[in-house]
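Trainee: Fold the following and give me the result.
(one chain, ligands or ions: 1)
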Amino acid sequence: MFDFTHYLAAKKTVDDRALNRPVLEQLVINLPEQTVAAPLHVLEVAAGIGTMLERLLEWDVLTNVVYTALDQQATYLAEAARRLPQWAAQQGFQVESTSPQQFKLQRAGQYITVNLVAADLFDFMRLAENQGQWDLLIAHAFLDLVDLSVALPQILELLKPNGLYYFTINFDGETILLPQIQWNTEVINNYHWAMNQPQKVGGTRSGRMLFPQLQAAGAQILAAGSSDWVVYPHHNGYLHEEAYFLHCIIDTIEATLHGKTPLNLTAWLAQRHAQIERGELIYIAHQLDFCGISQPPSSIWRGSKNYPLSLGEG
Ligand SMILES: C[S@@+](CC[C@H](N)C(=O)[O-])C[C@H]1O[C@@H](n2cnc3c(N)ncnc32)[C@H](O)[C@@H]1O
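Mentor: Take a look at the predicted model:
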């Protein structure tokens, strides 16, 4: 099996391209003022190795913030603690480590405190002291791994009144692999079927289900849009570390289907890995991004859009 921290690093450039720009724009427009005296309190749940923080600093979205990056895997946060200061120094930040879990990044116009918290999100949410604390809540490539009807209302409780959420890269039911090869349709159908089994949380329709689930949780959607992953060979092959990313995707399909399909996957897997090595494989995954406010909107918007909680297929 692949190295997940390496996968998260390789995924960064794929996500950079994928993130929906009008949704990001709404986030930027609606962010409260950030000053050194009154920094924004940002919580990223399931932050992995911290690539979203890097991105939001690279894109100047965050200027004066206390950024708490939470993940249940201490090893991922250890990787964040290793790579973030190095990355920040390369970007011209002065870096001061105040403890192994906290550092401060400073450059003209930007003052960032980073806290790394190794904890299970559901344990973290049970603590009253964490409720209603955050101006901005980020969940990136995570909400399709949880039961939205249970997790979403609790996650939104973490925000201050009228706090902002930014929920990105939520899988929404399409996995496309090209060129077409034998058994591909069966493999992908089985892969999606396995994701939708009752014992699995999340599932292939998590992206679209955010519309009714956000509404049911009393939140307002400011913007929503596609954030599809599109990975293909350029004239010199795949960009950055995206060949590794693709091998991880094929390994994930293998792991998801292991013992759950009558199909003999060996030939399919070998062909797909070989196509990556030859620079032939094209991969597209359909996903959705959302940005909004934890409180319901004014009556006009709410009355005119009532999303059913059971969205159909297709
Ligand atoms: C697909 S990864 C995404 C990581 C990161 N957001 C990114 O895109 O680079 C999902 C992350 O969710 C974290 N995770 C899963 N369940 C969690 C939980 N209950 N509490 C905290 N983190 C969790 C995993 O450890 C993993 O880092």
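Trainee: Near the ligand, which residues of the chain? Just list them.
Mentor: 8, 11, 46-48, 51, 71-73, 76, 120-122, 140-142, 145 (CB under 6 Å from any ligand atom). In short, each C-beta sits where N, CA and C put it, glycine included.
Trainee: change it to 5 Å
Mentor: Counting by CB under 5 Å from any ligand atom, the residues of the chain close to the ligand are 8, 46, 48, 51, 71-73, 120-121, 140-142.
Trainee: Now tabulate the residues you listed in a markdown table and tack on secondary structure, distance to residue 84 and pLDDT.
Mentor: Shown next, in a markdown table, are these (DSSP: H, G, I helix; E, B strand; the rest coil; distance: CB to CB, whole Å; pLDDT from 0 to 100):
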| residue | secondary structure | distance to residue 84 | pLDDT |
| --- | --- | --- | --- |
| 8 | helix | 13 | 98 |
| 46 | coil | 16 | 98 |
| 48 | coil | 12 | 98 |
| 51 | helix | 9 | 98 |
| 71 | strand | 13 | 98 |
| 72 | coil | 18 | 98 |
| 73 | coil | 16 | 98 |
| 120 | coil | 22 | 98 |
| 121 | helix | 20 | 98 |
| 140 | strand | 16 | 98 |
| 141 | coil | 18 | 98 |
| 142 | coil | 19 | 98 |
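Trainee: Quick one, which of the residues you listed are buried?
Mentor: 8, 46, 48, 51, 71-73, 121, 140-142 (16 or more other CB atoms under 10 Å).
Trainee: Just flag the most distant two among those.
Mentor: The largest separation in these, counting by CB to CB, is between 51 and 121 at 18.1 Å.
Trainee: how near is the residue nearest the centre of the chain to residue 16?
Mentor: Closest residue to the average C-alpha location of the chain: residue 140 at 1.9 Å, with CA atoms, centre = their mean. Distance, residue 140 to residue 16, using CB to CB, to the nearest Å: 12 Å.
Trainee: Ok, residue 173 next?
Mentor: For residue 173, the distance to residue 16 - CB to CB - is 23 Å.
Trainee: And for residue 35?
Mentor: Taking CB to CB as the criterion, residue 35 is separated from residue 16 by 28 Å.
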